[in-house]
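**Q** Any chance you can model this:
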Amino acid sequence: MTRWPRILTVMASALCGLPAQADSLDHIGTFTWSTEAIMGLSGLELSDDGQTFHAVSDRGWFLSGVLLREGAQITGVELHSYLPILGGDGLPVAGRRTGDQSDAEGLAMGPDGAHWISFERWARVAQYDTPTSPAGWIADHPSFYDYADNRQLEALALSPDGHLYTFPEKPQAAGFPIYRLEGETWVIAGHIARRNGFAVVGADFDASGALYLLERKLSFGLWWQSRVRRLDVANPATVETLWTSRRGAFDNIEGIAVWQDAQGLRITMVSDDNGNPNEPAQFVEFRLLKDQAKP
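**A** All right, here's what the predicted structure looks like:
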């Protein structure tokens, strides 16, 4: 009888030595979009087939186009429209840099083409019927005013059940608040714990309702580092880290779009060039690998 505890201990030790199984992201390509006409890309949405894209820039512009592909790789960008984002009065927000109404950061699109944009500096979320429509007003949550300038509503995502979510770059004491729009009112549906100094910059849902959270941090003031975590917004205490970049491997990645091809789930991300010609925008793509061994 005394052998069994010893045998079980040996078996447990052996199992603990095996690599854990976890989903991860596999980098499949990066396309550098060298253009002086476009700067400050932040929010990103892709069509179901990963071809058509929509994006917003933090200079107050809405752009649409097509990602040209050869197999799994992006080989070019075909720009179809480049339109000013409008305020509630129908005038371009790009003309109002004072008091900065133009700092568009997050983008979420519905199946009918209606979309929402989140803004920093003058922190708010606005609704648009079309890209040429004036902004529809949504009442702010009182805590939108509590964040430091340029640390406000970076990420926006529409869930498969039709709920709109927004996330600030800076956490509260309890973590990053999960703002959910209920009717015409924002509520805080929970908090996501901050880990290792990363800040939220983008978000998107997959078809099952899982939320993919894009985060970044600037290491030693020199190198950007990015991370993607996945969670269920109804149970934010359980969070998976799918990918963390090496410091300086990519530029300032801010936008994320989740889509599906014949082989499985794909993620496309876009970087903000910060108006620096030496840091052109990058489209960075990944494929989700299921249950890969993780040491």
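**Q** Return the backbone torsion pair for residue 129.
**A** In this entry, residue 129 is assigned phi and psi values of phi -70, psi -40 (degrees, to the nearest 10).
**Q** got the contact list for it?
**A** With contacts defined as C-beta atoms under 8 Å, 6 or more residues apart in numbering, residue 129 is in contact with 113-114, 136. To be clear about C-beta, it is placed using only N, CA and C from the backbone, and glycine gets the same treatment.
**Q** With residue 94 instead?
**A** Here residue 94 is in contact with 59-61, 84-85, 102 (criterion: C-beta under 8 Å, 6+ apart).
**Q** what do you get for residue 61?
**A** Neighbouring residues of residue 61 by C-beta under 8 Å, 6+ apart: 38, 82-85, 94, 104.
**Q** Relative to residue 270, which of those residues is nearest.
**A** Nearest to residue 270 among the contacts of residue 61, counting by C-beta to C-beta, is residue 38 at 10.5 Å.
**Q** Might one say that that closest one is in contact with residue 65?
**A** No: taking contacts as C-beta atoms under 8 Å, residue 38 lies outside contact range of residue 65: 9.9 Å.
**Q** what is in contact with these two at once?
**A** Shared contacts of residue 38 and residue 65, defined by C-beta under 8 Å, 6+ apart, comprise residue 79.
**Q** And the most centrally placed residue in the chain, how close does it get to residue 107?
**A** For the chain, the residue sitting closest to the mean C-alpha position, by C-alpha atoms, centre = their mean, is residue 202 at 2.0 Å. Residue 202 sits 9 Å away from residue 107, taking C-beta to C-beta, to the nearest Å as the criterion.
**Q** tell me, what's touching those two both at once?
**A** Listed contacts common to residue 202 and residue 107 are 42-44, 255; contacts here mean C-beta under 8 Å, 6+ apart.
**Q** Looking at these, which are in strands?
**A** In strands, defined here by DSSP state E, the members of those are 42-44, 255.
**Q** Now for these: which two are most distant?
**A** 42 and 44 (7.9 Å).
**Q** who's in contact with the residue nearest to residue 78 when sequence neighbours are not counted?
**A** Distances taken as C-beta to C-beta, 6 or more residues apart in numbering place residue 66 nearest to residue 78, at 4.4 Å, with adjacent residues excluded. If you count contacts by C-beta under 8 Å, 6+ apart, residue 66 has them with 51-53, 77-78, 80.
**Q** Repeat that for residue 101.
**A** Shown here is residue 101, whose contacts under the criterion C-beta under 8 Å, 6+ apart are 60, 87, 93, 119, 121-122.
**Q** about what we covered before: are any of the contacts of residue 66 buried, and if so which?
**A** With burial judged by 16 or more other C-beta atoms under 10 Å, the buried subset of the contacts of residue 66 is 53, 77.
**Q** Which of the contacts of residue 66 sits closest to residue 190?
**A** Sorting the contacts of residue 66 by how near they are to residue 190, with C-beta to C-beta, puts residue 53 at the top with 30.2 Å.
**Q** Tell me if the closest one really is in a helix.
**A** No: counting by DSSP: H, G, I helix; E, B strand; the rest coil, one finds residue 53 to be strand, located in no helix.
**Q** can I assume it is in contact with residue 68?
**A** No: Residue 53 is beyond contact range of residue 68, at 10.9 Å (criterion: C-beta under 8 Å).
**Q** residue ranges of the helices in the protein, please?
**A** Secondary structure of the chain by DSSP state H: the helices cover 3-16.
**Q** Counting neighbours, go ahead and name the busier of residue 42 and residue 44.
**A** Just comparing residue 42 and residue 44: by other C-beta atoms under 10 Å the higher neighbour count belongs to residue 42, 27 against 23.
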